[in-house]
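# need the 3D shape of this:
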Amino acid sequence: MNEKKFLQGLKYLNAYYTNFNFDINDNFKIGVWYESFKNMSEESFTKVVKGYCQQNVFAPHSPSHLLDHAKKIMIQNKKTPEEAWELAITILRETGYDFERTYKLTNNLITNCIKQMRSQLQGMLTKDLPFARKQFIDLYKREIQQDVDKQTRKGLISYDYDTSKSEKNTLLSDSSLQKRLQDI
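All right, here's what the predicted structure looks like:
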């Protein structure tokens, strides 16, 4: 993103929050703030700024406030840990615990969790299911946070309020799962 577009975002914040009073002429301050967003696309930055304004009564005190807001939205757009567990265990059962086929049917976060838990999931007894579920959920939460932090550092903010396009609403239906199972 170029500095001109970045300044437009700061002007938007100044206009939206009357008490923000960001000095557009302070090059040092602009540079400090810009450093946090320079790798972000113009479109993502605009969405972050406008989304922050729509959802927060108070102006951001630092670039971190805007970034934390973006991270929160990115996490909300992912499958919940419970949804991820249900999808993982359903696919594992449908594939007869064929891990290689399962990896092809899940997203990277779920696949990473399954790979890390493979030894616990192979030959798992019904009585072990609650323990495996808890471990998977804890692992998935860490994976989400690491993924969002990594994306944010790279400026790859996938910031979408339209959750119909988000990962959260792409749980496989039974018919879709059956078709994908047949395809591999």
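
# what sits closest to Leu13 if chain neighbours are left out?
Excluding the flanking residues, the one nearest Leu13 by C-beta to C-beta, 6 or more residues apart in numbering is Phe20, at 5.2 Å. C-betas here are computed from N, CA, C, even on glycine.

# hang on, I meant Arg133
Trp85 (5.5 Å).

# likewise for Met74?
Val148 (4.9 Å).

# returning to that earlier point: mind pulling up the phi and psi values for the residue nearest to Leu13?
phi -70, psi -50 (degrees, to the nearest 10).

# distance of it from Ala59?
4 Å (C-beta to C-beta, to the nearest Å).

# shared neighbours of the two, anything?
Here Phe20 and Ala59 have Leu13 as joint contacts, going by C-beta atoms under 8 Å, 6 or more residues apart in numbering.

# can you point out the buried residues in stretch 145-153?
147-148, 152 (16 or more other C-beta atoms under 10 Å).

# so how far is it off the chain centroid?
Here stretch 145-153 is found 8 Å from its chain centre; the criterion is C-alpha atoms, centre = their mean, to the nearest Å.

# give me the element the residue nearest to Met74 is part of.
helix 129-154 (DSSP states H and E).

# kindly report the same for Arg93.
Per DSSP H and E: helix 81-94 holds Arg93.

# can you check Lys78 too?
Assigned by DSSP H and E, Lys78 falls within no helix or strand.

# do I have it right that it meets Leu109?
Yes: counting by C-beta atoms under 8 Å, Lys78 sits close enough to Leu109 to count as a contact (7.3 Å).
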